[in-house]
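[1] sequence and predicted structure are below.
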Amino acid sequence: MPPSQSAARPPYLIVGQVLRPHGIDGTLRIRIMTDYPERIGQLDAVYLADSVDSAQVRKAPVASMQMAGQYGLLRLSTISTRDQAERLRHLFVMVAIDDAVPLEQGEFYLYQLIGLRVFTEDGAELGTVTDVIETGANDVYVVRSDQGTQSEVLIPAIEQVIIRTDIESGEIIVRLPEGLLDAPDA
């Protein structure tokens with residue numbers, strides 16, 4: 001599949017999710033969903049919504065951000081009470097894609113993987129990436145195919161398995177762990 005057919009460039013990238021208020025002054029406890037959490041506090045504003053393609057995205061000026069263990073404590077200039085913070089529970093904290101941290105050579109955004117064709121190192125086509133599951137330990141690529149008996153394969157995104165990811169050509173080359181495609185015994 002040519003890169004032009006892979007997932008469209010979203011207007012926003014998710015960097016966190018509001019878990020709950022923290023204290024009584026409107027501070028938000030957020031789950032960090034970015035490799036660059038320190039960048040959030042440097043932004044003029046973030047965007048809040050229930051998804052990246054929501055029609056109701058709210059711009060919110062950033063007052064400060066600090067880390068507290070694995071979570072972030074985000075203060076927004078327009079939120080000053082616990083009740084106001086409570087209304088933001090479960091919303092995603094996003095940045096405009098143009099404000100995202102520039103990627104290094106060989107890095108890519110997860111949305112860029114959707115629609116890429118997946119091949120084994122021997123050239124056998126496994127299918128197309130339809131989703132990426134973030135497990136914490138490593139990402140898992142959901143690969144779907146209309147061919148064969150196994151229509152969905154979950155491929156761990158680890159160095160030993162992912163040989164090459166080529167966004168330009170629209171392909172991922174993998175070395176599958178032994179037994180991953182074996183049919184279960186009846």
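    Structure received. Residues are numbered from 1 along each chain as shown.
[2] and Gln147, what pLDDT?
    On the pLDDT scale, Gln147 is placed at 68.
[3] quick one: the helices in this structure?
    Under the criterion DSSP state H, helices of the chain are mapped to 82-86.
[4] quick one, domains of it?
    For the chain, automatic domain parsing gives the domain ranges 10-99, 108-174.
[5] lowest average confidence across those, which one?
    Among those, domain 108-174 scores lowest, at a mean of 89.
[6] Arg58 against Val46, yeah?
    No. With contact defined as Cβ atoms under 8 Å, Arg58 does not reach Val46; the gap is 9.5 Å. For glycine as for every other residue, the C-beta is placed from the backbone atoms N, C-alpha and C.
[7] could I get the domains of the chain as TSV with distance to Leu181 and mean neighbour count?
    What follows is the domains of the chain, written out as TSV (distance: least, Cβ to Cβ, whole Å; neighbours: other Cβ atoms under 10 Å):
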stretch	distance to Leu181	mean neighbour count
domain 10-99	31	17
domain 108-174	6	15
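[8] grab the nearest non-local neighbour of the residue nearest the centre of the chain.
    In the chain, the C-alpha nearest the mean C-alpha coordinate belongs to Leu110, at 5.3 Å (Cα atoms, centre = their mean). Closest residue to Leu110 apart from its sequence neighbours, by Cβ to Cβ, 6 or more residues apart in numbering: Val132 at 4.7 Å.
[9] the one you found touches Val142, doesn't it?
    Yes. Val132 lies in contact with Val142 (Cβ under 8 Å); the separation is 7.1 Å.
[10] contact partners for the closest residue to Tyr71 other than its chain neighbours?
    Spatial nearest neighbour of Tyr71, excluding adjacent residues (Cβ to Cβ, 6+ apart): Arg29 at 5.5 Å. Arg29 is in contact with Val18, Leu19, Arg20, Pro21, His22, Ala68, Tyr71, Gly72, Leu73, counting by Cβ atoms under 8 Å, 6 or more residues apart in numbering.
[11] would TSV of the domains of the chain with distance to Leu180 be doable?
    Putting those into TSV (distance: least, Cβ to Cβ, whole Å) gives the following:
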stretch	distance to Leu180
domain 10-99	27
domain 108-174	7
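[12] one step back: which residues are in contact with the residue nearest to Leu110?
    Counted by Cβ under 8 Å, 6+ apart, Val132 has contacts Leu110, Leu113, Ile114, Asp139, Val140, Tyr141, Val142, Ala157.
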